[in-house]
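Novice: what follows is a predicted protein model with its sequence.
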Amino acid sequence: MRLRLRSWLTSTALTAANSCRAFSMMSSSPHIIDAHLHVWATSTESSSLRYPYDQPPPPTLQDVASPEALLDRMKEAGVDGALIVQPINHKFDHNYVSDAIAKYPTKFKGMLLHDPSLPPKFALERLEQLILSGFVGVRFNPYLWEEGKVMSEDSSGGLEVFKRCAELQVPVGIMCFKGLSLHIDDILALISKSPETKLILDHIGFCALNDEGDRAFEELLKLANYPNVYVKISAMFRNTGDVDAYPYEMIKDKRFLPLMKVYGSERLMMGSDFPYVLETEGSYKGAIDAVQSWMPPGSDRDAVMGGTAERLFGKWSEN
């Protein structure tokens with residue numbers, strides 16, 4: 001596996017270099033990349049031994065999140081590729097996402113879900129196995145750690161994976177579902193222990209449009225001082241509360257534009273959070289169009305709508 005991984009690293013380095021060169025040149029048709037979404041087995045597929053649920057999806061979404069259903073939505077919205085984040089419904093069983101990547105390699109890449117119960121040796125082995133299966137990122141869900149444990153704990157599997165990701169040029173996304181403020185010290189510790197690891201904060205850092213969210217947002221803006229921190233402009237519906245709705249003009253004014261000012265478009269990327277977005281906007285295309293409408297045509301829009309994702313995760317193949 002080490003030989004294969006070295007070959008992968010060489011290929012990745014070349015791809016990254018080519019992506020940077022391509023991104024620096026004007027492109028007549030830049031890719032639109034959805035940098036955050038999920039797929040999972042349908043009710044029929046989940047009855048097989050290969051795709052069991054760890055926990056079932058919401059009943060209204062159970063049968064609308066197959067790769068084929070997603071591809072139909074992507075075609076309608078003009079989306080060229082997607083980063084599939086391993087869903088909690090299959091937890092640490094990555095078979096369904098792995099098979100989707102293998103079946104549609106020009107459309108999909110994957111972000112694996114780290115298992116914090118694994119000791120460092122096995123956590124690193126699992127990381128390398130999944131990278132060779134088409135996964136290009138790692139998700140840290142801090143709520144999967146044992147109570148009292150943190151992601152940045154010395155000599156833990158999480159910290160060793162985080163450090164190894166710097167060597168592999170694999171970004172790590174963090175889901176602060178209950179609010180950024182709860183995890184800011186842990187995130188700063190990760191950065192201090194491995195500053196070369198690219199760290200992505202999901203869903204605008206879960207900085208809701210309320211007083212608590214405003215305070216957390218100030219912390220998110222400060223994280224721009226660390227050049228390897230990125231932010232996903234995704235799942236706006238998770239941050240609106242009762243004060244904003246599609247097409248999210250308040251999110252644009254109070255979150256997106258300040259992030260653009262301090263991070264720049266080269267460290268922001270669009271994501272839909274499909275299929276959950278279907279329960280809010282009701283339209284996958286609407287979620288894509290909303291973010292795109294916040295910017296005029298040009299380099300900033302190209303970066304947020306796909307260029308940043310391709311610089312981090314590699315170019316999606318031409319179809």
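Specialist: That came through fine.
Novice: which residue is nearest the middle of the chain?
Specialist: For the chain, the residue nearest the mean C-alpha position is residue 36 (4.5 Å; C-alpha atoms, centre = their mean).
Novice: that one against residue 201, yeah?
Specialist: No. Taking contacts as C-beta atoms under 8 Å, residue 36 lies outside contact range of residue 201: 11.1 Å. No exception for glycine: its C-beta is placed from N, CA and C like everyone else's.
Novice: now do the shared contacts for these two.
Specialist: Residues within reach of residue 36 and of residue 201 at once, by C-beta atoms under 8 Å, 6 or more residues apart in numbering, are residue 232.
Novice: output the below-cut-off pLDDT ranges for the protein.
Specialist: The model of the chain has pLDDT under 70 over residues 1-28, 282, 319.
Novice: can you give me the helices in it?
Specialist: For the chain, the helices defined by DSSP state H occupy 2-24, 67-77, 95-103, 120-131, 157-168, 184-193, 211-222, 249-251, 257-263, 284-293, 299-302, 308-313.
Novice: about what we covered before: skipping its backbone neighbours, what lies nearest the residue nearest to the centre of the chain in space?
Specialist: Leaving aside its sequence neighbours, residue 36 sits nearest to residue 271 (C-beta to C-beta, 6 or more residues apart in numbering; 2.8 Å).
Novice: residue 89 too?
Specialist: That would be residue 40: by C-beta to C-beta, 6+ apart, it lies 4.6 Å from residue 89.
Novice: can you give me the neighbour number for the one you found?
Specialist: Residue 40 has 27 neighbouring residues, counting by other C-beta atoms under 10 Å.
Novice: residues contacting it?
Specialist: Contact analysis of residue 40 by C-beta under 8 Å, 6+ apart lists 53, 57, 65, 87, 89, 90, 96.
Novice: out of these, who's nearest residue 213?
Specialist: Closest approach to residue 213 among those (C-beta to C-beta): residue 87, at 25.0 Å.
Novice: contacting residues for residue 207?
Specialist: Residues counted as contacts of residue 207 (C-beta under 8 Å, 6+ apart) are 179, 180, 213, 214, 216, 217, 220, 239, 255.
Novice: what's the distance between it and residue 169?
Specialist: Distance, residue 207 to residue 169, by C-beta to C-beta, to the nearest Å: 28 Å.
Novice: now residue 185
Specialist: In terms of C-beta to C-beta, residue 185 sits 26 Å off from residue 169.
Novice: what of residue 45?
Specialist: In terms of C-beta to C-beta, residue 45 sits 33 Å off from residue 169.
Novice: likewise for residue 105?
Specialist: Between residue 105 and residue 169 the computed distance is 19 Å (C-beta to C-beta).
Novice: for these two, indicate the residue with more neighbours.
Specialist: Each of residue 105 and residue 169 has its neighbours counted (other C-beta under 10 Å); residue 169 has more, 18 against 12.
Novice: that older thread, and among the helices of the chain, the most buried is which?
Specialist: Of all the helices of the chain, helix 308-313 has the most neighbours on average by mean count of other C-beta atoms under 10 Å, namely a mean of 26.
Novice: for that one, which helices and strands make contact with it?
Specialist: helix 2-24, strand 33-37, strand 135-140, strand 268-271 (3 or more C-beta pairs under 8 Å, 6 or more residues apart in numbering; DSSP states H and E).
Novice: from the middle of its chain, how far away would that helix be?
Specialist: Distance, stretch centre to chain centre, for helix 308-313: 11 Å (C-alpha atoms, centre = their mean, to the nearest Å).
Novice: stretch 152-166 now?
Specialist: Relative to its parent chain, stretch 152-166 has a centroid offset of 19 Å by C-alpha atoms, centre = their mean.
Novice: again, but for stretch 150-157
Specialist: The answer for stretch 150-157 is 21 Å, by C-alpha atoms, centre = their mean.
Novice: give me the residues contacting it.
Specialist: By C-beta under 8 Å, 6+ apart, the surrounding residues in contact with stretch 150-157 are 114-120, 122-124, 140, 142, 145, 149, 158-159, 162, 174, 183, 186-187, 189-190, 193.
Novice: please identify the buried residues of it?
Specialist: Buried residues in stretch 150-157, defined by neighbour count with 16 or more other C-beta atoms under 10 Å: 150, 151, 152, 156, 157.
Novice: in strands, which of those appear?
Specialist: Under the assignment DSSP state E, these contribute nothing to strands.
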